[in-house]
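Peer 1: Structure for this input, please:
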Amino acid sequence: MKPTESELEILQVLWANGPSTVRQVNEQLSQAKEVGYTTTLKLMQIMHEKGLLSRTEEGRYHIYQALIGEAETQQHLLDRFVDTAFRGSAMKLVMQALGNSKATPQELAALQRLIDNLNPENN
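Peer 2: Just a heads-up that it's a prediction; the model follows:
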């Protein structure tokens with residue numbers, strides 16, 4: 001399931017902080033932009049209905065937790081992005097990214113290690 005941009009922001013808070021109340025999530029979101037509590041509450045209720053979040057009661061509070069993992073969500077979003085924006089070519093994505101920014105020697109070395117590990121001749 002592909003979360004919306006607003007849902008992804010909520011998921012990122014939950015992935016970073018673990019199970020949280022709506023108020024805790026809203027406070028985190030409000031640090032970057034103005035977000036109303038009721039907007040966050042409604043989004044999290046919808047996400048619960050969609051199966052993106054679990055909700056448990058602790059006293060008078062509802063505690064929400066992400067039901068989808070960060071890595072699997074990132075992989076799914078990346079796969080869709082590569083398919084739609086780069087016609088399925090990861091190479092075009094990497095070339096575009098490297099062409100638009102100056103990679104540090106450390107980043108280039110890490111990329112080289114990744115390439116070496118992916119190369120079947122090295123395995």
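
Peer 1: CA atoms for contacts and neighbours, from now on please.
Peer 2: Fine.

Peer 1: least trustworthy helix or strand in the chain by mean pLDDT?
Peer 2: Evaluated with mean pLDDT, DSSP states H and E, the helix-and-strand set of the chain has its lowest mean pLDDT in helix 90-100, which scores a mean of 82.

Peer 1: check contacts around D83.
Peer 2: Residues in contact with D83 (Cα atoms under 8 Å, 6 or more residues apart in numbering) are S89.

Peer 1: shaky segments in the protein?
Peer 2: Under the criterion of pLDDT under 70, the regions of the chain flagged as low confidence span 1, 123.

Peer 1: Just give me the neighbour total for G36.
Peer 2: Applying the criterion other Cα atoms under 10 Å, we find 12 residues in the vicinity of G36.

Peer 1: my read is H62 is in a helix, agree?
Peer 2: No - assigned with DSSP: H, G, I helix; E, B strand; the rest coil, H62 falls outside any helix and is strand.

Peer 1: now the next helix or strand after the least confident helix or strand of the chain against helix 90-100, angle please.
Peer 2: Scanning forward in sequence from helix 90-100, with DSSP states H and E defining helices and strands, the next element found is helix 105-118. With axes from the mean of the first three to the mean of the last three Cα atoms, to 10 degrees as the basis, helix 105-118 and helix 90-100 are set at 170 degrees to each other.

Peer 1: elements contacting helix 105-118?
Peer 2: Judged by 3 or more Cα pairs under 8 Å, 6 or more residues apart in numbering; DSSP states H and E, helix 105-118 is in contact with no other helix or strand.
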